[in-house]
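Participant: how would this look folded up:
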Amino acid sequence: MANQRNTKIYFYIALIVLILAIALILLFTKAPGFWLIFSDQQKIRNFISSFGVKAPMILIALQVLQIIFAPIPGHFIGFSAGYLFGIFKGTFLCLLGIGIGSTITFWVSRVFWSPSTINFY
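Facilitator: Just a heads-up that it's a prediction; the model follows:
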């Protein structure tokens, strides 16, 4: 019984992540100017700092996105974090975002992985 309950929870988490991924893909394709933000460090820095008090949350969200979606360059975000928040706070925020993104990708892959999908022989 508990195994079925856990499977349902993982399914719903994976479904939410999939819906968010589709929404972000639509955002990137429908708003090409948003995608250009990730092409330059100065643009990312201006984008993050434009949020004021919410800038640390935006930085964490961008780090999560760059872990989940490979085309987003992470080095620009990391450099911008160091410039905007300093070495220690910027590193902490980046590591927090990377940890959250890695956890999400781990659980999504765990939900969709089955022994029959990977054959090591």
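Participant: the helices in this structure, which residues?
Facilitator: Using DSSP state H, the helices assigned to the chain run over residues 2-30, 32-36, 41-49, 55-68, 74-85, 87-112.
Participant: format the ones you listed as CSV; extra columns: mean pLDDT and mean neighbour count.
Facilitator: Using the backbone N, CA and C atoms, a C-beta is placed for each residue, glycine as well. Shown next, in CSV, are the helices of the chain (pLDDT from 0 to 100; neighbours: other C-beta atoms under 10 Å):
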stretch, mean pLDDT, mean neighbour count
helix 2-30, 71, 11
helix 32-36, 63, 10
helix 41-49, 78, 16
helix 55-68, 87, 19
helix 74-85, 83, 19
helix 87-112, 88, 16
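Participant: my guess is V111 meets I13, correct?
Facilitator: Yes - here V111 reaches I13: they are 6.9 Å apart, a contact under C-beta atoms under 8 Å.
Participant: other residues contacting stretch 62-80?
Facilitator: Contact with stretch 62-80 is made by 17, 21, 24, 38, 40-41, 44-45, 48, 59, 90, 93-94, 96-98, 100-102, 104-105, as judged by C-beta atoms under 8 Å, 6 or more residues apart in numbering.
Participant: end-to-end on that stretch?
Facilitator: Using C-alpha to C-alpha, to the nearest Å, one end of stretch 62-80 lies 11 Å from the other.
Participant: residues touching S49, list them.
Facilitator: S49 sits next to 55, 84 when contact means C-beta under 8 Å, 6+ apart.
Participant: quickly note the distance from it to I22.
Facilitator: 29 Å (C-beta to C-beta, to the nearest Å).
Participant: cool, and I44?
Facilitator: Distance, I44 to I22, using C-beta to C-beta: 24 Å.
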